[in-house]
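A.B. asks: This is the structure alone, sequence omitted:
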Ligand code: ADP
Ligand code: MG
């Protein structure tokens, strides 16, 4: 992997949507957001503050006001990033902002209207146009995936069973970093195909949502495009570069009300913005630069965007604002968030020849299929030559007519026709013996069958080969028809202009910063009066600045107080819930059961859940099943500790190592037997019970009714009991 050590900061652009009717009807007309496009500044007015209070100013890489076009944003801020992805960098664009401020509009836009198409469809255009215009020695493979994070669960939007499927898991590998296991990935050969993938995912998203608005504003949608490109390197070998592009439409950044809800709803509410607040923490700790720990692992979203924030990707953040005065607080929070993100440094690098490149696999498979096809071709030629050599022909000279270079299928078809003709000839031959005729006809029939089979197999192989090959896009081919020169020129000019605007803005921003620094140096005073004036002016400026900072401190404090209160409320709710659960556990669950459960539980940080450990540890389980416990020394069979102690204690133990049983049965014989005996009324029988020798030993054995084979029909159990009885005295001695 080649490394480009230079770091670059996350690009942050801000976009403000036009004032809509609802804004106007809900609050005082007129927006609170002003933008200086030339300087890339956003000026925010506090509608509740007195007019004298200075307005808040934020500077960004670019700003787009309500009249901005989708195309402007794309050409100036997104195009360079997509170009980098096509060169093999990882890239991320994410839209952040309050619900209803235009995140989805910016990312997707209105598909039908070319003017209103958002970043994603424009990126599709861009990628496939680039491929069609690249040199023919380059091969490309484009894949797309679409997922959604809702309530901290990852759902595959391209999985047809996504509604019922379990949430997907995150995994980490040193090669690709963090990835989603078993995520569907569709190979796309054209703009149309990738648009279909996108629409399919959007539909799944809409279907999965019970309340569309609520769901879509609370879930994060990630569209992932992987562009693999194989190109010949200076060493003459083919190298593969893989660019991964994440297009992220985040959940609405507004604070969710968590108070007053309980149980499942509470858990849900606590989870809803977990990813966003974790994202905020990651941004803060990265922007701060001092903290050594970045809490990426706190949420699914931050783990997925790990590369994009402080990692090896190039990142653009689009912060969206609404101009309405009633959303002042949220707008200010968004601007602060965006302002912080500007300070994040990434170290982008090209992914060269990664092990998991699918393109390499495809190329190998295509080469294998091609070799198979060639082999078939060669084999069929050999066969044909053999057949020709055998020389049963009726003077037909068709074979010579077939040129060697002809396509194989045509040759095979011709072969088939030839065989048919030969068969006809044999049938028509009146001078041939019937037997001979039959044999030859059978042979031809078999050959035709073989040929047909061969033909089918070849066709299948060719279809597979073609399907495989068609997935790879080769540069220099006209995939889309608007690749004429004029269009190309226009795009180039647009890019140049965008570049120029960007440079101009950067210079302006630098000049402004320098201005402030050199204000002192430039001032030379001719008179005391002038000096006083200049210093008063400067004082005023600095005072205004001080006021701004004070106001900001106040704002930040207020915000912290608010979020602390909210956290405390959530904590209170959770504590109450916990007490309730404790009450149930302490009073209604037996302590030994509780302990058993507690001992088996372990926390799985990967899935953020408590899990039961298996009753028998997995490895010992298999051992246990395979291996019989070894006998204790001197005994024929395994024997428990208790049994050993019992044997040591006395002779009358049941726990013998030998296969001998002492049964101290204390049951009365079945009534039926007694009744039978009483019916028979044999007094000497009952006497024999009393005078039984076992009785005198104090061990009441199985009763005499079972010793009398006459009275009881014999059965295996009776036999064994009788045997026991006979053996017992011997063993006891
Ligand atoms: P979000 O995804 O942030 O919740 P949407 O993208 O759904 O917000 O935008 C809300 C509404 O505002 C939509 O009707 C959209 O068409 C409109 N809108 C947003 N941004 C713009 C813009 N820059 N120009 C025109 N209309 C916009
Ligand atoms: Mg949206």
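C.D. replies: Right, received. Where do you want to start? Predicted, not measured: the structure shown is a model, and the values here were computed from it. Ligands and ions are numbered 1, 2, ... in the order given.
A.B. asks: Show me the shaky parts of the stretch 351-500 of the chain.
C.D. replies: Scanning the stretch 351-500 of the chain for pLDDT under 70 picks out 383-384, 386-413, 476-484.
A.B. asks: Closest residue of it to ligand 2?
C.D. replies: Nearest residue of the stretch 351-500 of the chain to ligand 2: residue 498, at 26.0 Å (CB to the ion). All C-beta spots, glycine's among them, are computed from the backbone N, C-alpha and C.
A.B. asks: Surely that residue touches residue 74?
C.D. replies: No. Between residue 498 and residue 74 there is no contact under CB atoms under 8 Å: 9.1 Å.
A.B. asks: The residue in the stretch 101-250 of the chain that ligand 2 sits nearest to: neighbour count?
C.D. replies: Nearest residue of the stretch 101-250 of the chain to ligand 2: residue 104, at 3.3 Å (CB to the ion). Residue 104 sits with 19 neighbouring residues when counted by other CB atoms under 10 Å.
A.B. asks: Please name the residues that touch it.
C.D. replies: 95, 118, 216, 249 (CB atoms under 8 Å, 6 or more residues apart in numbering).
A.B. asks: In a strand, it, correct?
C.D. replies: No. Going by DSSP: H, G, I helix; E, B strand; the rest coil, the assignment for residue 104 is helix, not a strand.
A.B. asks: Tell me the spacing between it and residue 513.
C.D. replies: Remark: distance between residue 104 and residue 513 (CB to CB, to the nearest Å) = 35 Å.
A.B. asks: Now the helix or strand harbouring residue 454: buried residues?
C.D. replies: Taking DSSP states H and E as the criterion, residue 454 maps to helix 434-471. Buried residues in helix 434-471, defined by neighbour count with 16 or more other CB atoms under 10 Å: 440, 444, 447-448, 451, 454-455, 458, 462, 465, 468-469, 471.
A.B. asks: Which single one of the residues you listed is nearest to residue 326?
C.D. replies: residue 471 (51.4 Å; CB to CB).
A.B. asks: Surely the closest one is in contact with residue 362?
C.D. replies: Yes. Counting by CB under 8 Å, residue 471 does reach residue 362; the two are 6.5 Å apart.
A.B. asks: Close to ligand 2: what parts of the chain are there?
C.D. replies: 103, 104 (CB under 5 Å from the ion).
A.B. asks: Quick check: the residue of the chain nearest ligand 1.
C.D. replies: Relative to ligand 1, the nearest point of the chain is residue 102 (2.6 Å; CB to the nearest ligand atom).
A.B. asks: Please tell me how far the closest residue to that residue other than its chain neighbours sits from residue 331.
C.D. replies: Excluding its sequence neighbours, the residue lying closest to residue 102 (CB to CB, 6 or more residues apart in numbering) is residue 17, at 4.1 Å. Using CB to CB, residue 17 is found at 11 Å from residue 331.
A.B. asks: can you check residue 338 too?
C.D. replies: Remark: distance between residue 338 and residue 331 (CB to CB) = 11 Å.
A.B. asks: quick one on the thing from earlier: show me the common contact partners of residue 17 and residue 331, please.
C.D. replies: Joint contacts of residue 17 and residue 331 (CB under 8 Å, 6+ apart) are 321, 322.
A.B. asks: rewinding a little: turn the contacts of residue 104 into JSON lines, including distance to residue 22 and secondary structure.
C.D. replies: Listed next are the contacts of residue 104 as JSON lines, based on distance: CB to CB, whole Å; DSSP: H, G, I helix; E, B strand; the rest coil:
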{"residue": "95", "distance to residue 22": "21", "secondary structure": "strand"}
{"residue": "118", "distance to residue 22": "22", "secondary structure": "coil"}
{"residue": "216", "distance to residue 22": "18", "secondary structure": "helix"}
{"residue": "249", "distance to residue 22": "21", "secondary structure": "strand"}
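A.B. asks: Taking those together, which two end up most distant?
C.D. replies: The span of these, defined through CB to CB, is set by 118 and 216 at 15.0 Å.
A.B. asks: More neighbours: these two, which one.
C.D. replies: Using other CB under 10 Å as the criterion, residue 118 and residue 216 rank with residue 118 on top: 24 against 21.
A.B. asks: Find the nearest non-adjacent residue to that one, please.
C.D. replies: Nearest to residue 118 is residue 109, by CB to CB, 6+ apart, at 3.1 Å.
A.B. asks: The one you found touches residue 103, doesn't it?
C.D. replies: No. At 11.0 Å, residue 109 does not count as touching residue 103 under the criterion of CB under 8 Å.
A.B. asks: Within range of ligand 1, give me the residues from the protein.
C.D. replies: Counting by CB under 6 Å from any ligand atom, the residues of the chain lying close to ligand 1 are 17-18, 97, 99-105, 217, 252, 320.
A.B. asks: if I look at the residue of the stretch 101-250 of the chain closest to ligand 2, how far off is residue 320?
C.D. replies: For residue 104, the distance to residue 320 (CB to CB) stands at 9 Å.
A.B. asks: list the residues that contact both of these two?
C.D. replies: In contact with both residue 104 and residue 320: residue 95, using CB under 8 Å, 6+ apart.
A.B. asks: and the helix or strand harbouring residue 586, average pLDDT?
C.D. replies: Using DSSP H and E, residue 586 sits in helix 528-588. Averaging pLDDT along helix 528-588 gives 87.
A.B. asks: related to what we said a few turns ago, return every residue with contacts to both of residue 471 and residue 362.
C.D. replies: Residues touching both residue 471 and residue 362 (CB under 8 Å, 6+ apart): residue 141.
A.B. asks: and the residue lying closest to residue 6 once chain neighbours are set aside, how many neighbours?
C.D. replies: Leaving aside its sequence neighbours, residue 6 sits nearest to residue 347 (CB to CB, 6+ apart; 7.6 Å). Residue 347 sits with 14 neighbouring residues when counted by other CB under 10 Å.
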